[in-house]
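>>> I'd like to go over a predicted model; first the sequence, then the structure.
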There are 2 protein chains.
Amino acid sequence: MLLLTIDERSPQPIYQQIIAGVRDMIAGRVLLPGEKLPSTRRLADQLAIHRSTVATAYQELWALGFIDLSPGSCPRVRDRMQMATAADSGEKGLIDWQAAASPAAAALWQAHRRLAPSAGREAAPAVISFASLDMDRRLFPLESFRACLDRALKNHGDALLGYGARAGFPPLREYLARRLQSHGIAVTADEILITNGSQHGLDLVFRMLAAPGRAVAVESPTYNYIFPLLRFYGLKPVEIPLREGGMDLDALAATLAGERPALVYTMPTFQNPTGITTGQAHRERLLSLCEAHRIPILEDGFEEEMKYSGRVVLPVKSMDKRHLVIYCGTFSKVLFPGVRIGWLAAERECVERLVAIHRFSEIAPSTILQAAIHEFCHSGHYDRHIGKMHRAYRKRMQATVRALHRHIAPEWAEWTEPSGGFLIWLRLKPPPRPPADWQALLAVHGVEAATGAGFFCGETPGTYLRLSISPLDETEISDGIRRLAAALREAYTPG
Amino acid sequence: MLLLTIDERSPQPIYQQIIAGVRDMIAGRVLLPGEKLPSTRRLADQLAIHRSTVATAYQELWALGFIDLSPGSCPRVRDRMQMATAADSGEKGLIDWQAAASPAAAALWQAHRRLAPSAGREAAPAVISFASLDMDRRLFPLESFRACLDRALKNHGDALLGYGARAGFPPLREYLARRLQSHGIAVTADEILITNGSQHGLDLVFRMLAAPGRAVAVESPTYNYIFPLLRFYGLKPVEIPLREGGMDLDALAATLAGERPALVYTMPTFQNPTGITTGQAHRERLLSLCEAHRIPILEDGFEEEMKYSGRVVLPVKSMDKRHLVIYCGTFSKVLFPGVRIGWLAAERECVERLVAIHRFSEIAPSTILQAAIHEFCHSGHYDRHIGKMHRAYRKRMQATVRALHRHIAPEWAEWTEPSGGFLIWLRLKPPPRPPADWQALLAVHGVEAATGAGFFCGETPGTYLRLSISPLDETEISDGIRRLAAALREAYTPG
C-alpha cells in the first residue's frame, strides 16, 4: 500500500499531490526501481478519489520518466536517470571549456580577465577614479526619460511588443538622419542602422569584414576594446602612430599601398585615449587617401555630441561623397549608457549587409527603448539635455585643466588640452624614482586612472595616464588632481 | 563688402548667423576659393556688432575648414573638400561591399536575401498565414507590462540607466534560477546569462566554439536560422535524421565517435519545425551518449513554457549532473518577442566565457527591460499570463487538429499531434499533380505556410508544410485549414 496523504483543501490539484508524493518516495528510495505501484482502481479506492485523477497522475509520472506503464499490468518504478540537484552545482563538470572553446574565444577570455571590470563596477568609495568612462548618474534625465518611455508604449502599444523592424525603429532612424545633418552628414533614414550601443556597431562591421588574417589599420594608441575584438575575429591590427595632429598619414599611406587593410578605424574627434581632435586638413587628406585606395573608413564618433568648446570640426563622413565612410555614433556618452542605443550611418548596401548579420545573431532589435529615445529626442528633451551636459562639462574640463596647471609640474608630464569630451592623456616624463607599479602608487594616494597598457597593440612605448572626467564633478576633479599630484611628487622627487 | 544680414531678434546667436551666411556664400560660389574676407574690425563695424563676435565666427569657420587664418592678414576662403550632400546619396559609392565583406559574410547576406522576411512583416490582409512564428498581438499583456516598466524605473532609477551587470539584471537571474527549478533544472543565478532573445544565446555559444571547420551535430530537419549562422562562423552542420521519437541516436553515436562535433544542438520539446517532443528514455540516452564522449549539448527550450497538454517531460538539463548541457530559453514565445530577452543556463565557467564575448560585442546588456520583466514575473503577472496562453493555445491546437482531421485527407498528408507549442509539420505524400510551386498554389487559395526548404541543410527529402498557429485564433485557423485543403485538393485530384 502506497502511503500517500491527500489534502483536499490544498490549492494544489490532487493529481499533482499524487505526482509530488510518488516523486518524493522515489527520491527518498522508499520506492525502488522495479517496484510495483497500485493499479489506478486500487489507489483511487484507497484515497477515495476518482480513478481518472489517478490515471492523470500516472500518465504524467510516465511522461516525466518516473514509471513505466504497460496495458494490463500495474505501473512499475523506472530505473530513471537521476535528476541533477543543487548539490551537483558546485562540482566541476565533464567539459574542459578552455579546450572546447575555439583558440580565438580562449584568447578573448584571457583579454576579458586581464581588463579591469570597468563597466558596472563601483570604485572603492574613498577613491577618486579617473579610470572609468561611466557617466555621472547625477546628470541622468531619469524622470523625463521615464515619462517618454511610458508615452512611447502608450502611443505605439502592441507594435513595440512584436518583432521590430530589423534596422531599428523607423521614426528614430528618421530622427537620426536629421540629427546627423546638424553635424554636416547628409544621409537618409535607410542609410542608418540602430545598434545596441556603438560597440555593437563596431562588432557588426568587424564581423562583416572578418576574413582571417586581414589587416585593419588603427591609431596607436587607440580604444582598448578594439584589439581583443579584432583578434577574436581573426583580424590583424596594424598600428599607425598617432601624432599631435592625428594619425600619421604618411605612415598610413605606406600601409594602404602595402598591406591593403580591410578597413581604417579612426576616432577623429576627442580620440580615446588621447582626447586629440584632428583638423579639417587632416580629415580631407585621410579621406582622399582612402578614396585613392578604395578602402573603407570606420569613423568612431562616440563623443561627437560633446563638443562644448565652440569650435567644431565636422566628421569625415560629412565629406564622404563616395560612400566609403561607415560612421558610428551613440547616445551613451551624452544621455546614458544603460539604454544601449547607438547607430551606424553608411551606404545603404553596407547597412543591409550589417542587418543580415544582426538578423542571424539576434533576429531583430528591441524597439521599446528605441521608441522611448525617439520620444525623448522628438519632444526636445534631448537638445535641452545636451545643453545641460555642455554647460556642466565645459566647466568640469576647465576645472581639470586649471587643476593640472596648478598641481602637475611641467617636468612631470605634458598633455593636450581637449576641446570637448571627457578625456585628457598625460604623457609622463621618465621619473627619477619610477614606481614598480603605477596603479599601486596611485591607490596609496586614493586615486585611480587608466595607464597606457591596453591602448597599444604591443609594448607601451612610454608611461601614460588617461584621465576620464565623465563620472566626476568639479570638487571631485580638483581633489583627484591634488591626489594625483601627491602621487607624482613621490615619483618625481629625487630620492 | 560682405553682404551679410543679421537678425537681432533671431534665437540663433549672431556669430552663428555669420557662420551660416558665409557657408551659404561659399556653397553658392558667391565667395570663391582664395577670395579675401573682411578683417574682424571691418566686419564688426559694418554689422555694428562686437569684434569678438566676428572673431568667434571666423575661428569656427576656420575649424570647419571653410577659411584660412594667418596672423596680420585677412581671412581667405579655403579650397575646401566639398561636403557630401543629399544629391550624392543615391550615387553608387567606391566600395564593392561584396568584395569587401569576408566570404562568410557574403554567404550570410545571400541566406538573408533568400529567406522570407518573416519577422516584422505583415502578410497581405486577405491571406491567412501559417508561415510566421510571430505571436498573436491580441494576447499581449500591454497594460500590465507598461505598469511594470514604469515601476521598475521608479524603483531602480538611475541604476538602470548606467552600465548594467554584464550577465544581466541580478534579480532577474535569481528569478530565472527559481523558475527553472519548476522545470526540474537545478541552477544558481550565477549559472544564468541573460541574452537579447534566444537567438542571441545560440549566437554566443556558436561564437565561443567557432574554430573553422569544426562540426556541430543538428537534427534534420531543424530550425532554419541555424545553418546560415553555423556557416557564418565557419562551423560545419552535420545532420542527424529526426525520427518520430527524436534524433536518431544510433546515427548520433556514430557521429560522436567519428567526427567528434564541438556541440550537439537539439530541441527536445516541440521541435522546430516538426513539433516533435522526445520521451524521457530518449533524453537519458542522448545525455549518456554525450557524457561518454564529453561533448556539450545545446538544448534549445524555446517553447518550454508552452506545455499545455498536461503531460510534461523534463528538459535534458534537469538530469545534467556533469554540467555539459547549455540550456537556452526565451520570453519571446509565451510573453512577447519585442522585449528580446532570453537566457542561457550553463556551468558557471561557460557562462563567464560567454559573458566575455558579449562584453567585447556590446559592453553590457540593457537592464531597463530586464528589470521590467523581473517586475512582471515577480508580481505574478507572468504566471497568470502563462495560464491564459495555455488556455488559449490548448483550444487553438485542438481546433487545428480537428480541422486537419476534417479537411485533410489521409491520402494527402500525415502529421504528429503535438502536446504543446505552436507547430504542426505536415509530411505530404507524392501528389498525382504536383504543382510547380507550392507557395504559389497556396497563395492562389489565400493561405501561406513554410515549406520544407531551409529546415534541411542540403536537398529537402520530401514535401513538407510547417503550420505555425502562433499568430492565429480559432476562426482564422479553421478558415486557413479549409483554404489549405482546397489547395491540396487541387494537387491530389487526379487530372
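Sure, I can see it. Numbers count the residues shown, from 1 in each chain, chains lettered A, B, ... in the order given.
>>> can I assume residue A:464 sits in a helix?
No - Residue A:464: not assigned to a helix; according to DSSP: H, G, I helix; E, B strand; the rest coil it is strand.
>>> Next up, the contacts around whatever residue of the stretch 151-300 of chain A ends up closest to chain B.
Minimum separation of the stretch 151-300 of chain A from chain B (Cβ to the nearest Cβ) falls at residue A:280, amounting to 2.7 Å. Where you see a C-beta, it was placed from the backbone N, CA and C, and this is true even at glycine. With contact taken as Cβ atoms under 8 Å, 6 or more residues apart in numbering or on different chains, residue A:280 is in contact with A:313-314, B:63-65, B:78, B:80.
>>> Which of these fall in helices?
The helices in this structure, assigned by DSSP state H, contain residue B:63 from those.
>>> ok, of the contacts of residue A:280, which one's closest to residue A:177?
Of all the contacts of residue A:280, residue A:314 has the smallest distance to residue A:177: 16.1 Å, by Cβ to Cβ.
>>> could you measure residue A:429 against chain B, distance?
According to Cβ to the nearest Cβ, to the nearest Å, residue A:429 stands 30 Å off from chain B.
>>> secondary structure element for the spatially most central residue of chain A?
Nearest to the mean C-alpha position of chain A, counting by Cα atoms, centre = their mean, stands residue A:199 at 5.9 Å. Secondary-structure element containing residue A:199, defined by DSSP states H and E: helix A:198-209.
>>> Residues contacting that helix, please?
When contacts are taken as Cβ under 8 Å, 6+ apart, the neighbours of helix A:198-209 outside the stretch itself are A:193, A:195, A:216, A:225-226, A:229-230, A:233, A:235, A:262-263, A:265, A:298, A:300, A:302, A:326, A:328-330, A:332, A:340, A:342-344, A:350, A:353-354, A:357-358, B:100-102, B:105, B:360-363.
>>> Tell me the residues of the stretch 301-450 of chain A that contact chain B?
Proximity of the stretch 301-450 of chain A to chain B is confined to A:310-314, A:317-324, A:336-340, A:347, A:349-350, A:352-353, A:355-357, A:359-369 under the rule Cβ under 8 Å from any Cβ of the partner chain.
>>> let's go with 7 Å and repeat that
If contacts are counted using Cβ under 7 Å from any Cβ of the partner chain, the residues of the stretch 301-450 of chain A sitting beside chain B are A:310-314, A:318-324, A:336-340, A:347, A:349-350, A:353, A:356-357, A:359-364, A:366-369.
>>> List buried residues within the residues you listed.
Buried positions within these, assessed by neighbour count (16 or more other Cβ atoms under 10 Å in any protein chain shown), are A:312-314, A:318-324, A:336-340, A:347, A:349-350, A:353, A:356-357, A:359-364, A:366-369.
>>> Of the residues you listed, which belong to helices?
Short answer: these in helices (DSSP H) are A:349-350, A:353, A:356-357, A:359-362, A:368-369.
>>> Tell me the gap between stretch A:405-423 and the middle of its chain.
Per Cα atoms, centre = their mean, to the nearest Å, the displacement of stretch A:405-423 from the mean C-alpha position of its chain is 29 Å.
>>> avg pLDDT for it?
Confidence over stretch A:405-423 (mean pLDDT, whole number) is 93.
>>> next SSE after the longest helix along chain A?
Ranked by residue count and defined by DSSP H, the top helix of chain A is helix A:381-407. For helix A:381-407, the following helix or strand on the C-terminal side (DSSP H and E) is strand A:413-414.
>>> Determine the set of other helices and strands touching that next one.
When contacts are defined as 3 or more Cβ pairs under 7 Å, 6 or more residues apart in numbering or on different chains; DSSP states H and E, strand A:413-414 packs onto strand A:423-428.
>>> Who are the packing partners of the strand it packs on?
Under the contact rule (3+ Cβ pairs under 7 Å, 6+ apart), strand A:423-428 is packed against strand A:413-414, strand A:463-468.
>>> So which of those strands is the most surrounded?
Highest mean neighbour count among those (mean count of other Cβ atoms under 10 Å in any protein chain shown): strand A:463-468, with a mean of 23.
>>> Do it and chain B come into contact?
No - when contact is scored as Cβ under 7 Å from any Cβ, no part of strand A:463-468 falls within range of chain B; the minimum is 13.5 Å.
>>> Helix or strand next in line after that strand, which one?
Downstream of strand A:463-468, the next assigned helix or strand under DSSP H and E is helix A:474-492.
>>> what comes up buried for that next one?
In helix A:474-492, the ones that count as buried by 16+ other Cβ under 10 Å are A:474, A:476-478, A:480-481, A:483-488, A:491-492.
>>> returning to that earlier point: avg pLDDT for the helix holding residue A:199?
When the per-residue pLDDT values of helix A:198-209 are averaged, the result is 97.
>>> Between helix B:198-209 and that helix, find me the angle.
Using axes from the mean of the first three to the mean of the last three Cα atoms, to 10 degrees, the direction of helix A:198-209 lies 60 degrees away from that of helix B:198-209.
>>> okay, the angle between helix A:198-209 and helix A:348-362?
Between helix A:198-209 and helix A:348-362, the angle formed by their directions is 100 degrees, by the same axes, to 10 degrees.
>>> Report the next helix or strand after helix A:198-209 in sequence order.
The C-terminal neighbour of helix A:198-209 among helices and strands, as given by DSSP H and E, is strand A:215-220.
>>> and that following strand, what does it pack onto?
Of the remaining helices and strands, those touching strand A:215-220 by 3+ Cβ pairs under 7 Å, 6+ apart are strand A:236-243, strand A:263-266.
>>> quick one: strands adjacent to it?
Counting by DSSP bridges, the strands paired with strand A:215-220 are strand A:236-243 (parallel), strand A:263-266 (parallel).
>>> got the buried residues for the first one?
Okay, so that is strand A:236-243. When burial is assessed from 16+ other Cβ under 10 Å, strand A:236-243 yields the following buried residues: A:237-240, A:242.
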